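K.L.:
What follows is a predicted protein model with its sequence.
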Amino acid sequence: MSIVYLNGAYMEASEAKISPMDRGFLFGDGIYEVIPTHQGKGVGLGLHLKRMENGLRSIGVEFDAEPLKQVIAELLEKNDGDDLNVYIQVSRGTYEKRFHGFPDKVEPTVFAYTWQIGPAHVADKAQAHTLKVVTADDLRWQRCHIKSTSLLGNVLHFQQSYGEGYDETLLFNGDGNLTEGSSSNAYIVKDGVVYTPPLSDELLPGITRKILLTILAEHSDIKVVERAVSKQEVLDADEIWMTSASKEVGPVIQVDGQKVGSGEIGDVWLKAQTLYSKHCYDIDC
């Protein structure tokens, strides 16, 4: 049984108990992060914790995430494995009655645990996990930039693809422009140029996205343009990628049953994943 962290203490997972009056349980009133680690090194650790602080501040919870670095270090030490995901969730806390308004003088509930993941991805077309996706109108709320634990909208969109044997759902707003995936940021490549939607309240400011774009700007001649991307541009793309902590730079080879480009992994992806694998631990600003 793995060791978890709950409100200042480390314990077996079976011993961790949270009140049903916790607002994270009743309302999804909390923020979370998932941080991949390999050989004890977190990818974008500082960036993840900064996003957590920003998310909590946006819902009215003042929280210092810096001490979580020590929590993460101890969890990695207590749980065997070279390749682990660390999940951290902070809810507003527990209050004696169910009431939509924010209660005064409650302490946040802080929970963290780890689980085994595969090794870091390698830039090899033969070993890459390719993705087949479907498209859908984005039916989630209008604050997708907050990494809230209220994930039902994302879950339903993901299930739309997963239930049909696909890997992800590409989402489009009311103007017919790409937002993101149900659990990933999205990109297209056309004539060697990478296009991705600009950050807004319609998509999550992904840490893998930030790391990748920083690496491409600093270590490559690949041109990246942040602008609206239409559905037709997606369907006409030479390459499509999706990024997340688990996917890293995931190559999409099929959309709605149609091949992306040649239907094979693209050369721009190979260059991008090569650079990501080499430099991802260097970006933590």
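P.N.:
On my side now, so go ahead.
K.L.:
and residue 88, helix, strand or coil?
P.N.:
Under DSSP: H, G, I helix; E, B strand; the rest coil, residue 88 falls in the strand class.
K.L.:
likewise residue 51?
P.N.:
With three-state DSSP as the basis, residue 51 sits in helix.
K.L.:
What number of residues are in the vicinity of it?
P.N.:
Using other C-beta atoms under 10 Å, the number of residues around residue 51 comes to 22. C-beta: built from backbone N, CA, C; applies to glycine.
K.L.:
next one: residue 166
P.N.:
Neighbours of residue 166 using other C-beta under 10 Å come to 18.
K.L.:
doesn't residue 135 make contact with it?
P.N.:
No. Using C-beta atoms under 8 Å, residue 166 is not in contact with residue 135; the gap is 10.4 Å.
K.L.:
Wasn't residue 24 part of a strand?
P.N.:
No. Applying three-state DSSP, one finds residue 24 to be helix, outside a strand.
K.L.:
what's near enough to touch the closest residue to residue 181 other than its chain neighbours?
P.N.:
Nearest in space to residue 181, with sequence neighbours left out and distances taken as C-beta to C-beta, 6 or more residues apart in numbering, is residue 168 at 4.6 Å. Going by C-beta atoms under 8 Å, 6 or more residues apart in numbering, residue 168 touches 131, 133-134, 158, 161, 181-184, 242, 252.
K.L.:
In strands only, show me those residues.
P.N.:
131, 133-134, 181, 242, 252 (DSSP state E).
K.L.:
show me the contacts for the residue positioned nearest the centre of the chain.
P.N.:
Nearest to the geometric centre of the chain sits residue 244, at 4.6 Å (C-alpha atoms, centre = their mean). By C-beta under 8 Å, 6+ apart, the contact list for residue 244 reads 181, 183-185, 206, 208, 250.
K.L.:
so how far does stretch 187-195 reach from one end to the other?
P.N.:
Its first and final residues considered, stretch 187-195 spans 6 Å by C-alpha to C-alpha, to the nearest Å.
K.L.:
And the helices in the stretch 1-150 of the chain?
P.N.:
With DSSP state H, counting those that start in this stretch as the criterion, the stretch 1-150 of the chain has helices at 23-27, 45-58, 68-78.
K.L.:
Can you dump the C-alpha atoms of the shortest one in PDB for me?
P.N.:
The one in question is helix 23-27. Provided in PDB are the C-alpha atoms of helix 23-27 (Å, rounded to 0.1, in the frame of the first residue of the first chain):
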ATOM      1  CA  ARG A  23     -16.000  21.400   0.200                       C
ATOM      2  CA  GLY A  24     -13.800  19.500  -2.200                       C
ATOM      3  CA  PHE A  25     -16.200  16.600  -1.800                       C
ATOM      4  CA  LEU A  26     -19.400  18.600  -1.800                       C
ATOM      5  CA  PHE A  27     -18.700  21.200  -4.400                       C
END
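K.L.:
buried sites along it?
P.N.:
Buried residues in helix 23-27, defined by neighbour count with 16 or more other C-beta atoms under 10 Å: 23-26.
K.L.:
For residue 221, state which of the residues you listed is nearest.
P.N.:
residue 24 (45.2 Å; C-beta to C-beta).
K.L.:
Please report the distance of the closest one from residue 187.
P.N.:
32 Å (C-beta to C-beta, to the nearest Å).
K.L.:
what residue ranges in the stretch 1-150 of the chain are flagged as low confidence?
P.N.:
Residues of the stretch 1-150 of the chain meeting the criterion pLDDT under 70: 1.
K.L.:
how about 90 then?
P.N.:
For the stretch 1-150 of the chain, applying pLDDT under 90 flags the ranges 1, 81, 105.
K.L.:
Now do the strands in it.
P.N.:
Using DSSP state E, counting those that start in this stretch, the strands assigned to the stretch 1-150 of the chain run over residues 3-6, 9-12, 30-38, 41-42, 83-91, 109-116, 131-137.
K.L.:
quick one: the third one to chain centroid distance?
P.N.:
Strand 30-38 sits 8 Å away from the centroid of its parent chain (C-alpha atoms, centre = their mean, to the nearest Å).
K.L.:
what does stretch 256-271 give?
P.N.:
Distance of stretch 256-271 from the chain centroid (C-alpha atoms, centre = their mean) equals 22 Å.
K.L.:
Counting neighbours, which bits of that stretch end up buried?
P.N.:
Neighbour-count burial for stretch 256-271, counted by 16+ other C-beta under 10 Å, picks out 260-261, 265-266, 268-271.
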